[in-house]
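Undergrad: below: sequence and its predicted model.
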Amino acid sequence: MKAVVDPDRCQGHARCWEISPEVFTLDAEGHAHPLTEEVPTDLTPAAHRAQRNCPERAITLT
Ligand code: SF4
């Protein structure tokens, strides 16, 4: 599974990082990025939790 953050939607709330620091990191402006291109299987529940809690619906999991 891949995690993608839409830079046009991400507003830097950092909720995804607070919920799933193993999946997402923040840049200097506080915008989120996936830590790795491929989300390890054991972290998919954390990635889904972050997606559900993103107020901007900026996270896509494929
Ligand atoms: S929760 Fe959503 S809007 Fe906030 S930093 Fe993460 S991806 Fe961006």
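TA: Arrived safely. Residues are numbered from 1 along each chain as shown.
Undergrad: CA atoms for contacts and neighbours, from now on please.
TA: Will do.
Undergrad: beyond the longest helix that the chain contains, next helix or strand please.
TA: The residue-count maximum for a helix in the chain (DSSP state H) belongs to helix 44-53. As assigned by DSSP states H and E, the chain's next helix or strand after helix 44-53 is strand 59-61.
Undergrad: give me the helices and strands touching that next one, please.
TA: Here strand 59-61 touches strand 3-5, helix 44-53, going by 3 or more Cα pairs under 8 Å, 6 or more residues apart in numbering; DSSP states H and E.
Undergrad: the first one pairs with which strands, parallel or anti?
TA: In other words, strand 3-5. strand 59-61 (antiparallel) (DSSP bridges).
Undergrad: what residues does the partner strand touch?
TA: 1-6, 47-48, 50-51 (Cα atoms under 8 Å, 6 or more residues apart in numbering).
Undergrad: next one: that strand to chain centre, how far?
TA: Distance, stretch centre to chain centre, for strand 59-61: 7 Å (Cα atoms, centre = their mean, to the nearest Å).
Undergrad: buried residues in that strand?
TA: residue 59 (16 or more other Cα atoms under 10 Å).
Undergrad: is stretch 49-62 in proximity to the ligand?
TA: Yes - contact of stretch 49-62 with the ligand (Cα under 6 Å from any ligand atom) involves 54-56, 58-59.
Undergrad: got a quick ChimeraX command for the buried subset of the residues you listed?
TA: Of these, the buried ones go into a single ChimeraX selection, burial set by 16+ other Cα under 10 Å:
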select :54,58,59
